[in-house]
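> Just need the structure, nothing else, for what follows:
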Amino acid sequence: MKQQVNNIQRYFPWTQILPTPLVVNLATLGPLGLVKKGPGTVGSVAGIGLYAVLFHNATPLGYLLYMLLLTYLAVAICDTAERRLQMRDPGMIILDEWIAVPLVFLGMNGPQGLVAEHGGWPVLLAGFVLFRIFDIAKPFGISKLQNLPGGIGCVIDDLAAAIASCIVLHLILHFFF
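As a prediction, this is how the structure comes out:
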């Protein structure tokens, strides 16, 4: 297992020069991850903001590039934060929820996208609720993904929960609206 973690770390050696307070603040989104009750929910709400600011009007290629970049950065920061805090995926690390939430709305963005077509906020709220359900319950083997080593395990279960939420949200909008 230690060898796997060392292999992961080689993909982001730049994190070694970052001071611990910066790494922890990035991983916790500053004070947001330090709330006593429901830090993951707070990170998910912040993820709605990330979607609105960065992803809502992105082209499909832009959406993909943003997700790839944010995923790489999140894996690196979460991995480094876990090692420095000496904790495995603690609740205070919410960077993973924050970057996963925009994935819930994949294929729904843009001025004529499904989010806008169905009134905006109702779709965002439904996506948020679905994501929290999948993130907490972790069905369909999602729970096993968090056992992957380091930052990959920290982030990938949230990405899987977001993909499951996206599929369900698309089905709901297609068949019921």
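
> only C-alpha atoms for contact and neighbour calcs from this point on.
Will do.

> Return the distance of the helix or strand hosting His174 from the chain's centre.
His174 is part of helix 150-176, with elements assigned from DSSP states H and E. Mean C-alpha position of helix 150-176 versus that of the full chain (Cα atoms, centre = their mean, to the nearest Å) differs by 10 Å.

> elements contacting that helix?
helix 60-85, helix 95-104, helix 121-137, helix 142-145 (3 or more Cα pairs under 8 Å, 6 or more residues apart in numbering; DSSP states H and E).

> Recalculate using a threshold of 10 Å.
The contact analysis (3 or more Cα pairs under 10 Å, 6 or more residues apart in numbering; DSSP states H and E) places helix 150-176 against helix 2-9, helix 60-85, helix 95-104, helix 114-117, helix 121-137, helix 142-145.

> Tell me which of those sits most buried.
Mean neighbour count (mean count of other Cα atoms under 10 Å) peaks for helix 95-104 among the helices and strands packed on helix 150-176, with a mean of 29.

> what does the average pLDDT come to for it?
Across helix 95-104, pLDDT averages out at 98.

> before we move on, what about stretch 156-175?
95.

> Numbering from 22 from now on, please.
Sure, I'll start numbering at 22, so the last one becomes stretch 177-196.

> Name the residues of that stretch that are buried.
By 16 or more other Cα atoms under 10 Å, the buried positions in stretch 177-196 come out as 177-187, 189-191.

> Name the member of those with the shortest distance to Ile114.
Nearest to Ile114 among the buried residues of stretch 177-196, counting by Cα to Cα, is Asp179 at 11.9 Å.

> Make sure that closest one is actually in contact with Phe152.
Yes - using Cα atoms under 10 Å, Asp179 is in contact with Phe152, at 8.5 Å.

> so what's in contact with these two at the same time?
Glu118, Ala121, Val122, Leu124, Lys159, Ala185 (Cα atoms under 10 Å, 6 or more residues apart in numbering).

> tell me the contacts of Met88?
Residues in contact with Met88, defined by Cα under 10 Å, 6+ apart, are Phe76, Leu82, Leu94, Ile120, Ala121, Pro123, Leu124.

> Most widely separated two among those residues?
Longest span within these, Cα to Cα: Leu82 and Leu94, 18.3 Å.

> re earlier: how big is the angle separating the helix holding His195 from helix 116-125?
30 degrees (axes from the mean of the first three to the mean of the last three Cα atoms, to 10 degrees).

> got the angle between helix 171-197 and helix 142-158?
130 degrees.

> Distance-wise, check the most centrally placed residue in the chain relative to Ile115.
Residue closest to the average C-alpha location in the chain (Cα atoms, centre = their mean): Ala121, at 2.3 Å. From Ala121 across to Ile115, the span is 10 Å (Cα to Cα, to the nearest Å).

> do Gly172 as well
With Cα to Cα as the criterion, Gly172 and Ile115 are 12 Å apart.
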